[in-house]
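Asks: with the sequence up front, the predicted model follows.
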Amino acid sequence: MKNNITYYLMGLLYLFTSHLFSQESPQNHGVDNHHISLKAKDSVCLKDCIMQAHWEAHTRTFVMGTINEGNLKDDYAIASGAGIGVLTKPIYGFQVGVSGFFIYNLSSSELHKPDSLTGQGNRYEVGLFDIDNHTNKNDLDRLEELYIKYSLSKSSLMVGKFNLNTPFLNPQDGRMRPTIEEGIWLSVKESNKIGFNGGWIWSISPRSTVKWFSIANSMGVYPMGVNTDGTKANYNEHIEGSSGMAIGNVYVNPTNNIKINIWNSFLENVMNTAMIEVKVEQPKEKLKFYESIMYVHQDAINNGGNVNQQKTYMNKGEQSNVISAQLGIKNKKINTSLNYTHITGDGRYLMPREWGKESFYTFLPRERNEGLGNVHAFMIKSSINAFDGKFKTGLGYGYYQLPDVKEYRLNKYGLPSYHQINFDASYSFGKFLKGLDLKVLVVYKIKEGETYNNLKYVYNKVNMMNFNFILDFKI
């Protein structure tokens, strides 16, 4: 059944927008993905608060295709959708933000049918729609943001549904719509030298879904892989005693060229993840050298989510350690970096894929090293900006040395060692087509590790190409 409330809301927003788009838009605002922010003087008039709000309309069309090795199943999909959002003008420091989006499956291969040789399902294209219902082509609407925000000076407090970008919860790499969170979030930014971000999150609507889940029940909405003994993981809706997650961040900038970020994520009754990151960059130089290093440590809490270790998320007593480093050089047009990540053999680095991508410097879109231990990852990437930043292109190569696919304790998803090459390009149009962005991403993955002649370790994992063509238009 369609969400009538969402359609009513979006229709109401459209009626407002038809009038407001003819007015001059506010100039002091920033948009991150679909998230809306506004800087303006407080108003004491409720009518002005609504009618002078910042409005945004967004359409997105996404074409994706995957070519697999030999007779393994190939897939494609064409998705298109639109959304609208509003952030009211401040009144006594208070603002309300609302946004929604709908998606249609214009055309696709039979995404609901598994590969005939491996019995495994589609991994990439289905993410453009609803992974809970692969045959759903029309009922793909979602009320995304719905929050109240109070701002005082440079600090703010938000309550409701909003979009976060942290090492543990983030929008993820591209599909049609991002991951959205619900909770309370505080940002204290009164000083340029030190600040705080943090809050309590109790529910999530993951990317590629249209539903909202509690923190505990969102774990395992995506494929769960295997337990450390090789049996099929079964933690979805079996995580106990976890009502939410606390996230805290303290950042310190002791000098103009040094930035220190400390993060901690406490997932009640499941695990704790701590991270420290130090970035160094030469200030005010035409050619800048920069270095970054990150360390992550995880520990299971109690039984890791369930006393039955066949239904838990992180085994009792388990831990993991990660170090990631980056060395780069850049100017206004070119940026090149060398990157390395090592996940030790102590255990798997775990973070539910429903919540976002990993923050390691060796990350390349379309694959992750979450769920792995004893990893050595090397990546080099170079990007170019041209035509005053309107055209951007990049080329990345990574080699990922992973544990054997049958070493289940350290390989959750049966991913062999691999090489990955990514090419991306984007162009932002101007003048008559201002607001239109075109993006292309091509991914090529090559098998390096042993797969024991079992195609389930190959299908949609290695020896494959993935193509992406994305058209965005924002008003």
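Replies: Thanks, I have it.

Asks: excluding its backbone neighbours, what's nearest residue 160?
Replies: residue 147 (3.0 Å; CB to CB, 6 or more residues apart in numbering). All C-beta atoms are positioned from the backbone trio N, CA, C, and that covers glycine.

Asks: may I have the beta-bridge partners of that neighbour?
Replies: residue 97, residue 160 (DSSP bridges).

Asks: quick one: it and residue 97 touch, right?
Replies: Yes - contact criterion CB atoms under 8 Å: residue 147 and residue 97 qualify, at 5.1 Å.

Asks: between these two, who's got more neighbours?
Replies: When neighbours are counted by other CB atoms under 10 Å, residue 147 and residue 97 differ, and residue 97 comes out ahead with 25 against 20.

Asks: distance check, the more buried one against residue 377.
Replies: According to CB to CB, to the nearest Å, residue 97 and residue 377 sit 37 Å apart.

Asks: same check, this time on residue 388
Replies: As judged by CB to CB, residue 388 and residue 377 stand 34 Å apart.

Asks: so, low pLDDT: which residues of the protein?
Replies: 1-46, 49 (pLDDT under 70).

Asks: the nearest residue to residue 159 once chain neighbours are set aside - how many residues pack around it?
Replies: Once flanking residues are discounted, residue 159 sits nearest to residue 184: 4.9 Å by CB to CB, 6+ apart. Using other CB under 10 Å, residue 184 has 16 other residues around it.

Asks: kindly report the same for residue 222.
Replies: Using other CB under 10 Å, residue 222 is surrounded by 19 other residues.

Asks: for residue 243, same thing?
Replies: Neighbour number of residue 243 under other CB under 10 Å is 11.

Asks: surely it meets residue 270?
Replies: No - using CB under 8 Å, residue 243 is not in contact with residue 270, being 11.1 Å away.

Asks: anything in contact with each of residue 147 and residue 97?
Replies: Common contacts of residue 147 and residue 97 (CB atoms under 8 Å, 6 or more residues apart in numbering): 160, 162.

Asks: quick one, which of residue 388 and residue 377 is more surrounded?
Replies: The neighbour count for residue 388 versus residue 377, taken as other CB under 10 Å, is higher for residue 377 (23 against 9).

Asks: residues in contact with that one?
Replies: Contacts for residue 377 (CB under 8 Å, 6+ apart) come out as 339-342, 360, 362, 369, 398-401.

Asks: for the stretch 151-300 of the chain, just list every one of the helices.
Replies: 215-218 (DSSP state H, counting those that start in this stretch).

Asks: can you show me the strands along it?
Replies: 155-162, 180-188, 194-205, 213-214, 245-255, 258-267, 271-281, 288-300 (DSSP state E, counting those that start in this stretch).

Asks: now those strands in TSV, with distance to residue 224?
Replies: Shown next, in TSV, are the strands of the stretch 151-300 of the chain (distance: least, CB to CB, whole Å):
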stretch	distance to residue 224
strand 155-162	26
strand 180-188	21
strand 194-205	16
strand 213-214	14
strand 245-255	19
strand 258-267	16
strand 271-281	16
strand 288-300	17
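
Asks: tell me the most buried of those?
Replies: Comparing these by mean neighbour count (mean count of other CB atoms under 10 Å), strand 180-188 comes out on top with a mean of 20.

Asks: count the residues that sit near the closest residue to residue 50 other than its chain neighbours.
Replies: Nearest residue to residue 50 in three dimensions, chain neighbours excluded: residue 88, at 6.0 Å (CB to CB, 6+ apart). A count of nearby residues for residue 88, using other CB under 10 Å, gives 22.

Asks: also residue 91?
Replies: The number of residues near residue 91, taken as other CB under 10 Å, comes to 16.

Asks: and it, how far is that from residue 151?
Replies: Counting by CB to CB, the gap from residue 91 to residue 151 is 11 Å.

Asks: contacts for stretch 390-401, please.
Replies: Stretch 390-401 has contacts (CB under 8 Å, 6+ apart) with 362, 364, 367, 369, 375-386, 417-430, 448.

Asks: narrow those to those that are buried.
Replies: Among those, those buried by neighbour count (16 or more other CB atoms under 10 Å) are 362, 364, 367, 369, 375, 377, 379, 381-383, 385, 417-418, 420, 422, 424-428.

Asks: what sits opposite residue 249 in the beta ladder?
Replies: Applying DSSP bridges, one finds that residue 249 bridges with residue 197, residue 263.

Asks: how many residues are close by the closest residue to residue 240 other than its chain neighbours?
Replies: Leaving aside its chain neighbours, residue 240 sits nearest to residue 306 (5.5 Å; criterion: CB to CB, 6+ apart). By other CB under 10 Å, 21 other residues sit near residue 306.

Asks: touching, residue 306 and residue 312? I think so.
Replies: Yes - taking CB under 8 Å as the definition, residue 306 is a contact partner of residue 312 at 4.2 Å.

Asks: what residues do those two have in common as contacts?
Replies: 235, 238-239.

Asks: of those, closest to residue 114?
Replies: Nearest to residue 114 among the shared contacts of residue 306 and residue 312, counting by CB to CB, is residue 235 at 22.3 Å.

Asks: nearest residue to residue 280 other than its sequence neighbours?
Replies: residue 291 (4.9 Å).

Asks: ok, the spatially most central residue of the chain - contacts?
Replies: Nearest to the mean C-alpha position of the chain, by CA atoms, centre = their mean, lies residue 172 at 1.2 Å. By CB under 8 Å, 6+ apart, the contact set of residue 172 is 178-179, 207, 356-357.

Asks: phi, psi for residue 178 please.
Replies: phi -90, psi 180 (degrees, to the nearest 10).

Asks: count the residues that sit near it.
Replies: Applying other CB under 10 Å, I find that residue 178 has 24 neighbouring residues.

Asks: burial count for the nearest residue to it once chain neighbours are set aside?
Replies: Leaving aside its sequence neighbours, residue 178 sits nearest to residue 171 (CB to CB, 6+ apart; 3.2 Å). Per other CB under 10 Å, the neighbour tally for residue 171 reads 20.

Asks: could you do residue 47 as well?
Replies: Number of residues near residue 47 (other CB under 10 Å) recorded here: 8.

Asks: same question for residue 90.
Replies: 19.

Asks: the one 10 residues further on now?
Replies: Residue 100 sits with 22 neighbouring residues when counted by other CB under 10 Å.

Asks: for the helix or strand containing residue 329, packing partners?
Replies: Per DSSP states H and E, residue 329 falls inside strand 319-330. Strand 319-330 sits against strand 288-300, strand 334-343, with contacts defined as 3 or more CB pairs under 8 Å, 6 or more residues apart in numbering; DSSP states H and E.

Asks: output the contacting helices and strands for the first one.
Replies: What it means is strand 288-300. Looks like strand 288-300 contacts strand 271-281, strand 319-330 (3+ CB pairs under 8 Å, 6+ apart).

Asks: turn those into TSV, including distance to residue 143.
Replies: Supplementary listing: the helices and strands packed on strand 288-300 in TSV, determined by distance: least, CB to CB, whole Å:
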stretch	distance to residue 143
strand 271-281	29
strand 319-330	35
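
Asks: between these, which one is nearest to residue 68?
Replies: Of all the helices and strands packed on strand 288-300, strand 319-330 comes closest under CB to CB, at 29.9 Å.
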